[in-house]
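# Only the shape, not the letters, is given here:
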Ligand SMILES: O=C(O)CCC(=O)C(=O)O
Ligand SMILES: [Fe+2]
């Protein structure tokens, strides 16, 4: 038990470092200096989390999806997907593409916070997970978020904190049954 905990903590340390490095490189050409946020507030280690998923094999694929279509609310999501069993699909140019499992390879997805911070220059990717008829699938996902109270400001959006975003998502899921997400925070709301 203790060993497992240590391993996870070590994993988190590395993934948080990787996420910060990727973020810094990606935003080099964005003018984030106008905002009052520091690099630590854009990608906060405190709010980051590791999640492990096990999707059991399921012969009846009509039961639905392993995970329904969604965008992540994160800044970045770094997935360590099963290197044998595929399932993850991303939407690109209106087409669903299956992300091929490749050993020792991490997949980086952009989340809603990255889209807002970049003023829509970078888009958060729509994705979903298929169930597999014959084999179970395991994935380990690391999500990084802004620090809770930091105000995200970019021209297309009303200033908001990640806390406000998360609360709005929870409210919408409860009231409407789905996440509205970023359109709630745009100056011109279309949803
Ligand atoms: O299991 C996966 O590969 C993706 C999981 C996912 O999209 C999520 O947790 O947001
Ligand atoms: Fe996701």
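The structure has been received and is ready for your questions. Predicted model only: the values in this text are computed from it and were never measured. Ligands and ions are numbered 1, 2, ... in the order given.

# quick one: residue 5 is in a helix?
Yes. The secondary structure assignment for residue 5 places it in a helix, going by DSSP: H, G, I helix; E, B strand; the rest coil.

# Return the residues in contact with it.
For residue 5, no contacting residues are found, by C-beta atoms under 8 Å, 6 or more residues apart in numbering. C-beta: built from backbone N, CA, C; applies to glycine.

# Residues of this protein that sit close to ligand 1?
If contacts are counted using C-beta under 6 Å from any ligand atom, the residues of the chain sitting beside ligand 1 are 51, 53, 67, 72, 79, 81, 88, 127, 129, 139, 141.

# Secondary structure for these - can I get that in JSON lines?
Formatted as JSON lines, the entries for the residues of the chain next to ligand 1 read as follows, by three-state DSSP:
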{"residue": "51", "secondary structure": "strand"}
{"residue": "53", "secondary structure": "strand"}
{"residue": "67", "secondary structure": "strand"}
{"residue": "72", "secondary structure": "coil"}
{"residue": "79", "secondary structure": "strand"}
{"residue": "81", "secondary structure": "strand"}
{"residue": "88", "secondary structure": "strand"}
{"residue": "127", "secondary structure": "strand"}
{"residue": "129", "secondary structure": "strand"}
{"residue": "139", "secondary structure": "strand"}
{"residue": "141", "secondary structure": "strand"}
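
# In terms of distance to residue 158, which of these ranks first?
residue 72 (21.0 Å; C-beta to C-beta).

# Please tell me how far that closest one sits from residue 126.
When C-beta to C-beta, to the nearest Å is the yardstick, residue 72 and residue 126 sit 10 Å from each other.

# Which of these two has more residues huddled nearby?
The residue with more neighbours, out of residue 72 and residue 126 and counting by other C-beta atoms under 10 Å, is residue 72; that gives 22 against 15.
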